[in-house]
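>>> Sequence and predicted structure below; questions after.
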Amino acid sequence: MSAMIRCGAAVLLGLIGTRPLTAQTIAITNATVYPVSGPKLDGATVLIRDGRIAAVGRVVSIPAQARRIDGTGKVVTPGLVHVQGALGLGVGRALAEETDEEYTAIGGTTDGEHEGDVSAAFNVLAAIDPNAVAIPVARMGGVTSALTMPTSGLIAGQAVLIHLTGQHSADMVLLTPAAMVADLGDGSRSAGGGSRAGALARLRALFADAAILRRRRADYDQNRIGQLSAPADQLEALYPVLDGRLPLYVNANRQSDIENALALAADFRLRLILRGGAEAWRVAGQIARAGAPVVLDTRDNIPSFDGLQARSDNAALLREAGVTVILAGQDPGGQMNLRFEAGHAVRNGLKWDDALAAITVAPARAFGLADRLGTLEPGKVADIVVWSGDPFEFSTAAELVFIDGAEMSLKSRMTELRDRYKTLPPSY
């Protein structure tokens, strides 16, 4: 076989290995099923047809041609939804193949940063690499969809919700834009002249000026109003936020920062989602009354100057107060460990069912996709994970992952390296 033919064959095999199987009729039978929309079902069946969930229950009519998967001893849940991070925006493929992961924490290696403190018109979609090595790793952790977001600035830009499958970034899109990302934490001080108060004042001015621009666009075009706080294109990008069609996704950890974010949302009638929330438990009642979901990293229990009152039972205290709790890891690659975030929250008082909701239906609902994702119900997109046991246990593994009803490969750069070096030659 010539070198050219061998090379072509290798490329073809590589594509076959990474491409999801064609969607088909599949029945996962006799499993312990957590629909999230209702109570646990023992000995139940989940029927998938044409990429959608066709039926869920203990008595389901299974078509003769369906592929049957015996779920005895297995646990079936919706695919997990991770809503914090820069998945797909990491280092280029060449460097990733050398380092075996995306170093999104290294400056100059990510596509999630846009120069300037106000980048409301910046959308990260075009920079998402569908071949990023972290995507199959996230799928191994049962994550089937994720929010990919810009990472710096008072207003960093527009986040995108993606499915973790597809040959092109456009194929992966679930919702774009999905949120406007902003920061009222320690990282925003430089945008306010070195002061949190200055950052808040500037953020308020941006929304006020956006409202003025929309009302007086003709006057602006004729230079009949004063200078605005940002260029017109950046202010125009805030219109969907002012209308409540696009959530403002605000990083805030201190009690005072959280209260400032709540006041901002109330004054401009914004749809607010908080993230970080280290001291959110201190103002749980206020957050609940405002109806703002809070995205937490449950392992964030070490005091810092951006949240001196961090504590491990934050999620449990917020949920008891009626707050919608969403769990997500903040560290690069945190998608893979999302289920352990939930397990950690359970260990510190959050109810098991609430923890599962916090990584499935709660994020889907907060970002406007609950009609498609987050529960196992007829008509929903067939994003489904079959686990070897309790998904929050370290010993459990995702054995099958379906996205849009198609079975995903659970191979990744990590598993390839493991298999390659599992048995070393005698010389070692």
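That came in fine, so what should we check first?
>>> how many neighbours does Asp221 have?
10 (other Cβ atoms under 10 Å). In this view, the C-beta of every residue, glycine as well, is placed from N, C-alpha and C.
>>> Over to it: give its phi and psi.
phi -60, psi -20 (degrees, to the nearest 10).
>>> Let me see the confidence value for it.
Looking at Asp221, its pLDDT is 92.
>>> cool, and Gly194?
For Gly194, pLDDT reads 82.
>>> Number of residues surrounding it?
Per other Cβ under 10 Å, the neighbour tally for Gly194 reads 9.
>>> what helix or strand does it sit in?
Gly194 belongs to no helix or strand when assigned by DSSP states H and E.
>>> Please tell me how far it sits from Thr25.
61 Å (Cβ to Cβ, to the nearest Å).
>>> Show the contacting residues for Leu308.
Glu279 (Cβ atoms under 8 Å, 6 or more residues apart in numbering).
>>> Which strands or helices does the strand or helix carrying Leu47 pack on?
In this assignment (DSSP H and E), Leu47 forms part of strand 41-49. Other helices and strands packing on strand 41-49, by 3 or more Cβ pairs under 8 Å, 6 or more residues apart in numbering; DSSP states H and E, are strand 26-33, strand 52-57.
>>> orientation of that strand relative to strand 52-57 in degrees?
160 degrees (axes from the mean of the first three to the mean of the last three Cα atoms, to 10 degrees).
>>> Also compute the angle for strand 41-49 relative to strand 26-33, please.
Angle of strand 41-49 versus strand 26-33, following the same axes, to 10 degrees, is 160 degrees.
>>> buried sites along strand 41-49?
Judged by neighbour count using 16 or more other Cβ atoms under 10 Å, the buried positions of strand 41-49 are 41, 44-49.
>>> How about stretch 349-361?
For stretch 349-361, the neighbour count (16+ other Cβ under 10 Å) marks 350, 354-361 as buried.
>>> What is the nearest of those residues to Asp267?
Among the buried residues of stretch 349-361, Ala358 lies closest to Asp267 (Cβ to Cβ), at 28.6 Å.
>>> contacting residues around the closest one?
Contacts of Ala358 (Cβ under 8 Å, 6+ apart): 315, 325-327, 342, 345, 350.
>>> For it, give its distance to Gly73.
Here the criterion is Cβ to Cβ. By it, Ala358 lies 25 Å from Gly73.
>>> now the helices for the stretch 51-200 of the chain?
93-99, 134-140, 169-172, 196-215 (DSSP state H, counting those that start in this stretch).
>>> Among the buried residues of strand 41-49, which one sits closest to Leu417?
When the buried residues of strand 41-49 are compared for distance to Leu417 (Cβ to Cβ), Ile48 wins out at 31.9 Å.
>>> isn't that closest one right up against Asp404?
No - Ile48 is beyond contact range of Asp404, at 9.7 Å (criterion: Cβ atoms under 8 Å).
>>> Would you mind listing where the stretch 51-200 of the chain has pLDDT under the threshold?
Of all residues in the stretch 51-200 of the chain, those with pLDDT under 70 make up the ranges 90-115.
>>> Excluding sequence neighbours, find me the nearest residue to the spatially most central residue of the chain.
Centroid check for the chain by Cα atoms, centre = their mean gives Val83 as the closest residue, at 2.2 Å. Sequence neighbours aside, Leu147 is the residue nearest to Val83 in space, at 4.0 Å (criterion: Cβ to Cβ, 6 or more residues apart in numbering).
>>> Tell me if Arg420 really is in a helix.
Yes - counting by DSSP: H, G, I helix; E, B strand; the rest coil, Arg420 falls inside a helix.
>>> Next one, pLDDT for it please.
In this model, Arg420 carries a pLDDT of 80.
>>> and it, how many residues sit next to it?
9.
>>> Give me the distance between it and Leu410.
Counting by Cβ to Cβ, the gap from Arg420 to Leu410 is 17 Å.
>>> about what we covered before: next, format the helices of the stretch 51-200 of the chain as TSV and append mean neighbour count and distance to Pro391.
Output for the helices of the stretch 51-200 of the chain, formatted as TSV (neighbours: other Cβ atoms under 10 Å; distance: least, Cβ to Cβ, whole Å):
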stretch	mean neighbour count	distance to Pro391
helix 93-99	13	27
helix 134-140	24	12
helix 169-172	16	24
helix 196-215	18	38
